[in-house]
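Q: What would the 3D arrangement of this be:
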Amino acid sequence: SCTGTSILFCNALRAVGIPARVVGTPAWYGNRTQGNHNWVEVYVGNNGEENGDAWKFLEPSPALPNVDTIEADPCGRWFCDPSRYPASKVYAAKMSMAGSQIGDDGEAFFPLAWEWECRDVPAVDRTDYYTRICGGCISDDNQEGIDE
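A: Next up is the predicted model:
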């Protein structure tokens, strides 16, 4: 599963001293029947890019034809489609509640797709970041004739 692979990859990166965290959406388009997905963000510091952010994301799926890297074009990842955001909320797991995204009930949590009522995983809302980064990508619906 993407969740298991993301957790394993994140922990492997941390084991060799690379700051990483599990990120994902518990419900595509805000609709749990549309599925969920998890991936990994790696801390790279301020990279000085126009859309720079201290965190860059990777798709750790073992089914990919090529190994993903933080230098890869974000638009090449299947989930970085402008039609998905901001309707699909994205959260990054944290180690503590300090600075976490506050939910409607005043708690900070990463909604778990398989245990919707669980509020045990601290998180920060990353929806704005993915809306900004993926918003400049060409939608899958508009990619006819574009070489990959």
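
Q: Would you map the helices across the chain?
A: Counting by DSSP state H, the chain forms helices over residues 2-15, 127-134, given from the N-terminal end onward.

Q: least trustworthy helix or strand in the chain by mean pLDDT?
A: Ranked by mean pLDDT, DSSP states H and E, the helix or strand of the chain with the weakest confidence is strand 123-125, at a mean of 89.

Q: ok, now how distant is Thr25 from Glu117?
A: Applying C-beta to C-beta, to the nearest Å, the value for Thr25 to Glu117 is 18 Å. All C-beta spots, glycine's among them, are computed from the backbone N, C-alpha and C.

Q: the more surrounded of these two?
A: When neighbours are counted by other C-beta atoms under 10 Å, Thr25 comes out ahead of the other of Thr25 and Glu117, with 26 against 6.

Q: excluding its backbone neighbours, what's nearest the more buried one?
A: In space, Thr25 comes closest to Ser88 once its chain neighbours are excluded; the distance is 4.6 Å by C-beta to C-beta, 6 or more residues apart in numbering.

Q: what's the answer for Leu13, then?
A: Spatial nearest neighbour of Leu13, excluding adjacent residues (C-beta to C-beta, 6+ apart): Ala20 at 3.9 Å.

Q: a markdown table for the helices of the chain, including mean pLDDT?
A: Rendered in a markdown table, the data for the helices of the chain read as follows (pLDDT from 0 to 100):
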| stretch | mean pLDDT |
| --- | --- |
| helix 2-15 | 93 |
| helix 127-134 | 93 |
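
Q: So which of the ones you listed is nearest Phe57?
A: Each of those was scored for nearness to Phe57 using C-beta to C-beta, and the closest is helix 127-134 (8.3 Å).

Q: Could you check how far that closest one is from the centre of its chain?
A: Its chain's C-alpha centre lies 10 Å from the corresponding centre of helix 127-134 when counted by C-alpha atoms, centre = their mean, to the nearest Å.

Q: Put the alpha carbons of that helix into PDB.
A: Extracted C-alpha coordinates of helix 127-134, given in PDB (Å, rounded to 0.1, in the frame of the first residue of the first chain):
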ATOM      1  CA  THR A 127      -3.100  21.900   1.000                       C
ATOM      2  CA  ASP A 128      -2.000  25.500   0.000                       C
ATOM      3  CA  TYR A 129       1.500  24.200  -0.900                       C
ATOM      4  CA  TYR A 130       0.100  21.500  -3.200                       C
ATOM      5  CA  THR A 131      -2.500  23.800  -4.700                       C
ATOM      6  CA  ARG A 132       0.400  26.300  -5.600                       C
ATOM      7  CA  ILE A 133       2.800  23.700  -6.900                       C
ATOM      8  CA  CYS A 134       0.400  21.400  -8.700                       C
END
